[in-house]
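Trainee: next one to model:
(one chain, ligands or ions: 2)
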Amino acid sequence: MNLPDSKQRIAQLKHLQAWETHSARLLGGWLPAIRLWEAKHEVGLHLWQDLETSREIRTRLWELRVNRPDTAAVTAGVLPAIQILASAQYDFELIAGIYLGVKQALAQAYRDYLAKTHTTWDAPSIDILTRAASQKESQIEWAEAYLQQVAYKETDQHLVQRWTTFTRELIDATGSVTGENPSIALPTPPPGYSSRLPFGEARRDSRFKVQLQGFERPPVEDTDAHTLWQFVSYTMEMQAAETLGSVLWEVDGMDWEFYYDIARHCHDECRHCKMGEERVRELGHEIHEFPQFVGNYAWRQIYDPMRRYAMLTYIIEQDSFALKHETYKNYVQLNDHASAEAILYDIIDETMHVRWGTKWVGKLMEHQKETLSLDDIISECRQAVLDNSLAPAQRSSAKK
Ligand SMILES: [Fe+2]
Ligand SMILES: [Fe+2]
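Mentor: Numbers count the residues shown, from 1 in each chain. Ligands and ions are numbered 1, 2, ... in the order given. Prediction:
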């Protein structure tokens, strides 16, 4: 059997990592509009897994002497199709297109690669792509179950079918996710299908009551009420994940590493939210007993993505440390080991997030040719958080 040569393999890997990156960005853009709470968590995890796969493929490409995989040809082969996929109208259509269309094609491409490569020469690729294929397959398995759960009506099933078929035709027209076939003119979506992104509001499913304003912080001496408030507040961090998802999608043309850091940040905020959920449950409650507030996502969307990201990192996260350290010490004194450890892990993540803020805000300013100085942007963002934040603890931390 004649195996594809290294030149062909390199070309394929370049395309595959780009599909992983940009389809994950589209998932991020849709995160606020995905209705089912558990699905938000899954999507937040998957978009991070996708960027991790992209990183591993890029590392392999580097070994294969490719320093800059994002060539104009690769970008031109992937981005126009992703833009068309962004015109899905319903969250279940988007999930069908990305999982049963794009991810299915990626999983198949990894399996094809593995079946036809040299087990000794190309062993490092085998290691990476075996893991990538099985991770994609489990993501797809999740999506199949999710679609059965949410798109059970005949009309919805029809839309899922139609969008999946359309996505597969679209991918074929690009010349496949490996870019190995000649491309043809991309198909146009059904009439009335144009992008609904970016989303101005974050959706919550029908189990939740939604309110605009966050909760007042109870007195710290009221230990039970304060601990419950603390971890219910963590569940509101889904809004931070949703803002980061919007940044992942809306900021176009940045270096790949930016998307890698934002995807991790987005997943971290989902984890903080889950940490809140788990602790609330341990305290004898369910999160649906408490209204979710979604106003902080909504007002941040009024600003451009650079400012949104600066508000999160330079203000909200940076200014939260004093309260978090105080809370950590209180839990240690109270012998509440579980709460103390949860806060400690959160502080560790938040330290990274703030560092990423200093790494990327300046670059985002350059990218959008911002005329104000960094100091002016930070003052503007601090004022915006003070004026608009619907979480009382965020407002009082930002007063400094
Ligand atoms: Fe967080
Ligand atoms: Fe954070």
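Trainee: so how far is residue 146 from residue 197?
Mentor: The gap separating residue 197 from residue 146 is 20 Å, by Cβ to Cβ, to the nearest Å. (Glycine included, C-beta is placed from N, CA and C.)
Trainee: same check on residue 163?
Mentor: Residue 163 sits 14 Å away from residue 146, going by Cβ to Cβ.
Trainee: more neighbours, these two?
Mentor: residue 163 (26 against 21; other Cβ atoms under 10 Å).
Trainee: next up, phi/psi of the more buried one, please.
Mentor: Here is the backbone geometry of residue 163 (degrees, to the nearest 10): phi -70, psi -30.
Trainee: so what's it closest to, chain neighbours aside?
Mentor: residue 93 (4.3 Å; Cβ to Cβ, 6 or more residues apart in numbering).
Trainee: report the contact partners of that neighbour.
Mentor: 159, 160, 163 (Cβ atoms under 8 Å, 6 or more residues apart in numbering).
Trainee: mind listing what the residue in the stretch 301-400 of the chain that ligand 2 sits nearest to touches?
Mentor: Residue of the stretch 301-400 of the chain nearest ligand 2, by Cβ to the ion: residue 353 (3.9 Å). By Cβ under 8 Å, 6+ apart, the contact list for residue 353 reads 265, 268, 312, 313, 317.
Trainee: TSV for these, including secondary structure and distance to ligand 1?
Mentor: Output for the contacts of residue 353, formatted as TSV (DSSP: H, G, I helix; E, B strand; the rest coil; distance: Cβ to the ion, whole Å):
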residue	secondary structure	distance to ligand 1
265	helix	9
268	helix	6
312	helix	9
313	helix	11
317	helix	7
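Trainee: the residue of the stretch 301-400 of the chain closest to ligand 2 and residue 272: what is the separation?
Mentor: 10 Å.
Trainee: how about the strands of the stretch 151-300 of the chain, start to end?
Mentor: 210-211, 292-293 (DSSP state E, counting those that start in this stretch).
Trainee: winner for burial among those?
Mentor: strand 292-293 (a mean of 22; mean count of other Cβ atoms under 10 Å).
Trainee: what about the chain, any weak spots by pLDDT?
Mentor: 1, 399-400 (pLDDT under 70).
Trainee: buried ones in the helix or strand where residue 73 lies?
Mentor: Assigned by DSSP states H and E, residue 73 falls within helix 72-85. For helix 72-85, burial by neighbour count (16 or more other Cβ atoms under 10 Å) applies to 74, 77, 78, 81, 82, 84, 85.
Trainee: give the other helices and strands that it contacts.
Mentor: helix 6-30, helix 154-174 (3 or more Cβ pairs under 8 Å, 6 or more residues apart in numbering; DSSP states H and E).
Trainee: closest one to residue 322 among the ones you listed?
Mentor: helix 6-30 (30.1 Å; Cβ to Cβ).
Trainee: chain center to the helix or strand that that closest one is followed by: distance?
Mentor: Next in sequence after helix 6-30, counting helices and strands by DSSP H and E, comes helix 37-63. Relative to its parent chain, helix 37-63 has a centroid offset of 9 Å by Cα atoms, centre = their mean, to the nearest Å.
Trainee: what's the angle from helix 37-63 to helix 6-30?
Mentor: Put simply, helix 37-63 runs at 150 degrees to helix 6-30, going by axes from the mean of the first three to the mean of the last three Cα atoms, to 10 degrees.
Trainee: for helix 37-63, packing partners?
Mentor: With 3+ Cβ pairs under 8 Å, 6+ apart as the test, helix 37-63 has helix 6-30, helix 91-95, helix 123-150, helix 238-250, helix 256-282 packed against it.
Trainee: which of those helices sits closest to residue 321?
Mentor: Of the helices and strands packed on helix 37-63, nearest to residue 321 by Cβ to Cβ is helix 256-282, at 14.4 Å.
Trainee: residues near the nearest residue to residue 34 once chain neighbours are set aside, how many?
Mentor: Nearest residue to residue 34, sequence neighbours excluded (Cβ to Cβ, 6+ apart): residue 91, at 4.7 Å. Counted with other Cβ under 10 Å, residues neighbouring residue 91 total 22.
Trainee: do the same with residue 134
Mentor: 13.
Trainee: tell me the contacts of the closest residue to residue 64 other than its chain neighbours?
Mentor: Spatially, and ignoring its direct neighbours in sequence, residue 64 is nearest to residue 10 (5.5 Å; Cβ to Cβ, 6+ apart). Neighbour list for residue 10: 61, 64, 66 [criterion: Cβ under 8 Å, 6+ apart].
Trainee: kind regards, and thank you for your time.
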